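> Next one to model:
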Amino acid sequence: MTRNFTTIVVFSLGLFLLTTPAYSASEAVRCVQHQLNDLGYDAGVSDGLFGRATFGASEEYRAFMSSERSGWSQPP
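Numbering: from 1, shown residues only. As a prediction, the model looks like this:
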């Protein structure tokens with residue numbers, strides 16, 4: 001239960017950063033990449049570019065959480 005709650009909070013923070021104007025898109029993507037990597041999903045290097053590795057890691061995360069695609073990420 002604690003891991004799921006922590007995972008939701010951490011990933012929600014990343015989604016918040018993607019929609020907050022104070023951060024550039026690349027900073028938000030870098031943050032999400034770092035969080036995905038910390039959770040054990042291989043998002044590749046935290047470089048701020050939403051490439052295939054980041055997309056794949058976000059899809060694996062969504063599958064684990066049994067959620068549908070949100071539309072915020074698209075394959076490169």
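> drop to CA atoms for contacts and neighbour counts, all remaining ones
Fine.
> Check the spacing between Phe64 and Glu27 real quick.
25 Å (C-alpha to C-alpha, to the nearest Å).
> Which of the two has more residues huddled nearby?
Ranked by neighbour count (other C-alpha atoms under 10 Å), Phe64 and Glu27 place Glu27 first, with 18 against 10.
> Surely that one and Gly48 touch.
Yes - look at Glu27 against Gly48 with C-alpha atoms under 8 Å: they come within range, at 5.9 Å.
> what about this protein, any weak spots by pLDDT?
For the chain, applying pLDDT under 70 flags the ranges 1-24, 67-76.
> try 90
Applying pLDDT under 90 to the chain flags residues 1-29, 31, 48-51, 55, 58-59, 61-76.
> mind listing the helices for it?
Counting by DSSP state H, residue ranges of the helices within the chain are 2-19, 25-38, 52-65.
> The last one: which residues count as buried?
For helix 52-65, the buried set under the neighbour-count rule, 16 or more other C-alpha atoms under 10 Å, comprises Ala53, Thr54, Phe55, Gly56, Ala57, Ser58, Glu59, Tyr61.
> how about that helix as PDB, C-alpha atoms only?
C-alpha atoms of helix 52-65 as PDB (Å, rounded to 0.1, in the frame of the first residue of the first chain):
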ATOM      1  CA  ARG A  52      11.500   6.100 -26.900                       C
ATOM      2  CA  ALA A  53      13.000   5.000 -23.500                       C
ATOM      3  CA  THR A  54      11.000   7.600 -21.600                       C
ATOM      4  CA  PHE A  55       7.800   6.700 -23.500                       C
ATOM      5  CA  GLY A  56       8.400   3.000 -22.900                       C
ATOM      6  CA  ALA A  57       9.000   3.500 -19.200                       C
ATOM      7  CA  SER A  58       5.900   5.700 -18.800                       C
ATOM      8  CA  GLU A  59       3.800   3.000 -20.600                       C
ATOM      9  CA  GLU A  60       5.200   0.300 -18.300                       C
ATOM     10  CA  TYR A  61       4.300   2.500 -15.300                       C
ATOM     11  CA  ARG A  62       0.800   3.000 -16.600                       C
ATOM     12  CA  ALA A  63       0.400  -0.700 -17.100                       C
ATOM     13  CA  PHE A  64       1.600  -1.400 -13.600                       C
ATOM     14  CA  MET A  65      -0.800   1.100 -12.200                       C
END
